[in-house]
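**Student:** any chance you could fold what I've pasted below:
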Amino acid sequence: MAEFQNPDLEYVVDDYYDMTDFEEDSFSETDPQRNSPVESFDSDVEDNFEMNKPKTDTSALEARNGKDIQGIPWERLNFTRDKYRETRLEQYKNYENLSRPREELEKECKKIEKGSTFYDFQFNTRLVKSTIVHFQLRNLLWATSKHDVYLMQNYSVMHWSSLLRRGKEVLNVAQPIVSTLKCPGSLGQSLSRVQISTMTVKENLMVAGGFQGELICKNLSQPGVAFCAKLTTDDNAITNAVDVYHNPNGSLRVMAANNDAEVRIFDAENFACLNRFTYPWSVNNTSVSPDGKLLAVLGDSAECLLADAQTGKVVATLKGHLDYSFASAWHPDGRTLATGNQDTTCRLWDIRNLSESQAVLKGRMGAIRAVRFSSDGRFMAMAEPADFVHVFDTESGYVKGQEIDLFGEIAGISFSPDTEALFVGIADRTYGSLLEFNRRRCNQYLDSII
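**Tutor:** Numbering: from 1, shown residues only. Prediction:
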């Protein structure tokens with residue numbers, strides 16, 4: 001992957017699209033709470049939420065009454081939302097590492113019946129806002145329940161409660177951090193000013209990777225950091241992806257994939273390094289199958305690999321993509337693997353027949369930087385670098401889709417474990433925010449009564 005990062009952690013990297021069309025002054029709000037710390041929003045329960053929430057936030061009721069879900073005041077601008085969307089689509093330049101002919105790609109892509117709504121807009125807050133360290137890495141947001149979301153905001157890992165509408169800092173990586181767990185075989189060491197490039201939160205464990213090859217593991221129910229270390233001294237050592245999973249025996253493991261072409265496996269209890277797998281190119285993303293037996297390995301190659309998760313040995317090569325891949329996800333049934341690529345597509349692979357992908361899903365304008373399946377397997381969501389999140393109904397054969405149309409760089413997407421919510425993190429200097437969408441049910445009409 002590319003070695004360069006954001007020039008400023010607070011600002012968005014735009015994948016070669018100039019965001020200056022949004023003038024900060026013309027968008028600035030007079031609400032004094034706009035730039036106030038998260039902690040200043042201190043009401044535990046809002047008796048009259050519509051009256052007391054910050055004006056920069058947007059509720060479902062306000063959206064139904066015509067307010068833009070991101071709070072962008074189109075009525076005060078000299079262009080409409082539709083005109084700005086048209087301009088974005090015309091001028092956006094997708095980042096490519098491999099310039100290969102793509103004329104035939106469109107013919108492979110599945111025709112999608114757009115217009116479905118599987119998840120309805122519920123709330124948007126600017127009290128927490130995502131930031132991105134590296135423009136190609138967008139796994140910086142995770143939901144552990146429909147009320148709990150974790151995201152990166154500059155040097156802080158933030159927790160957002162969608163129930164209390166309040167954020168709290170969980171970890172500050174600008175300050176020196178030291179491993180609290182001292183075990184034989186552990187490589188723990190002190191770190192400071194870590195630029196978090198990727199993260200995950202599973203099994204009550206928050207795991208983050210850094211731009212200089214760092215790995216940080218924190219138990220959310222305990223103070224301090226259980227383990228932190230720099231995994232490699234390689235000059236180009238970015239930790240591109242991290243994962244927490246159970247091996248076939250049920251033991252909890254932590255996986256880290258780095259730009260030094262290695263994948264490292266750690267014991268989640270004592271953080272001893274159990275194994276190291278080496279591949280021919282920088283590893284940008286890994287994901288383990290639900291049964292813990294197979295490992296998807298994606299990186300600086302148009303080919304994706306399927307390996308034995310215990311030995312790292314390659315068992316299959318997936319051919320079809322035209323550029324580097326940065327995202328993957330397994331369907332809960334373990335039979336389907338989705339891979340997201342800079343060629344603007346997501347390919348679906350049936351592990352029972354890997355000679356070719358079973359389907360190709362195309363984005364609207366950019367690379368596919370994040371892919372997620374809901375825990376029940378009913379939906380798959382994929383995110384482009386900016387502006388678009390696509391949700392597909394897997395039971396329709398991925399033919400029926402919902403397109404979530406936004407503005408801004410997408411730092412991450414996450415379904416809640418119960419599938420009831422879908423969260424989207426937007427990284428932008430003015431409109432950076434966290435958006436919440438709720439799953440539409442057959443009794444949705446009751447919402448208008450409550």
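
**Student:** so where's the stretch 351-450 of the chain shaky on pLDDT?
**Tutor:** Across the stretch 351-450 of the chain, the stretches falling below the confidence threshold (pLDDT under 70) are 443-450.

**Student:** tally up the residues packed near the residue lying closest to Gly213 once chain neighbours are set aside, please.
**Tutor:** Closest residue to Gly213 apart from its sequence neighbours, by CB to CB, 6 or more residues apart in numbering: Ala237 at 3.1 Å. Placement of C-beta: from N, CA and C, glycine included. Summarising burial for Ala237: neighbours were counted as other CB atoms under 10 Å, giving 20.

**Student:** for Arg429, same thing?
**Tutor:** For Arg429, the tally of surrounding residues (other CB under 10 Å) stands at 16.

**Student:** show me where this structure dips below the pLDDT cut-off.
**Tutor:** In the chain, residues with pLDDT under 70: 3-53, 183-188, 443-450.

**Student:** max-length helix in it?
**Tutor:** Of all the segments assigned as helix in the chain under DSSP state H, the longest by residue count is helix 81-91.

**Student:** just the CA trace of that helix, in PDB.
**Tutor:** Included here for helix 81-91 are C-alpha records, laid out as PDB according to Å, rounded to 0.1, in the frame of the first residue of the first chain:
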ATOM      1  CA  ARG A  81     -27.600  19.300  -3.200                       C
ATOM      2  CA  ASP A  82     -28.400  17.600  -6.600                       C
ATOM      3  CA  LYS A  83     -26.000  20.000  -8.400                       C
ATOM      4  CA  TYR A  84     -23.200  19.400  -5.900                       C
ATOM      5  CA  ARG A  85     -23.700  15.600  -6.200                       C
ATOM      6  CA  GLU A  86     -23.500  15.900 -10.000                       C
ATOM      7  CA  THR A  87     -20.300  17.800  -9.700                       C
ATOM      8  CA  ARG A  88     -18.800  15.300  -7.300                       C
ATOM      9  CA  LEU A  89     -19.600  12.400  -9.600                       C
ATOM     10  CA  GLU A  90     -18.000  14.200 -12.600                       C
ATOM     11  CA  GLN A  91     -14.800  15.300 -10.800                       C
END
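
**Student:** which parts of that helix are buried?
**Tutor:** Of all the residues in helix 81-91, those buried under the rule 16 or more other CB atoms under 10 Å are Tyr84, Arg88.

**Student:** so what's the residue nearest to Gly213 up against?
**Tutor:** If a contact means CB atoms under 8 Å, 6 or more residues apart in numbering, then Ala237 has Gln212, Gly213, Lys230, Leu231, Asn258, Asn259, Asp260 as its contacts.

**Student:** okay but the third one is in contact with Gly213, surely?
**Tutor:** Yes - the pair Lys230 and Gly213 qualifies as a contact (CB atoms under 8 Å) at a distance of 5.3 Å.

**Student:** who has more neighbours, the two?
**Tutor:** Neighbour totals were compared for Lys230 and Gly213, and Gly213 leads with 23 against 17 (other CB under 10 Å).

**Student:** tell me who's in contact with that one.
**Tutor:** With CB under 8 Å, 6+ apart as the criterion, the residues that contact Gly213 are Lys230, Leu231, Thr232, Thr233, Asp234, Ala237, Ile238, Thr239, Asn258, Asn259, Asp260.

**Student:** which of the residues you listed count as buried?
**Tutor:** In the contacts of Gly213, the ones that pass as buried (16+ other CB under 10 Å) are Lys230, Leu231, Thr232, Ala237, Ile238, Thr239, Asn258, Asn259, Asp260.
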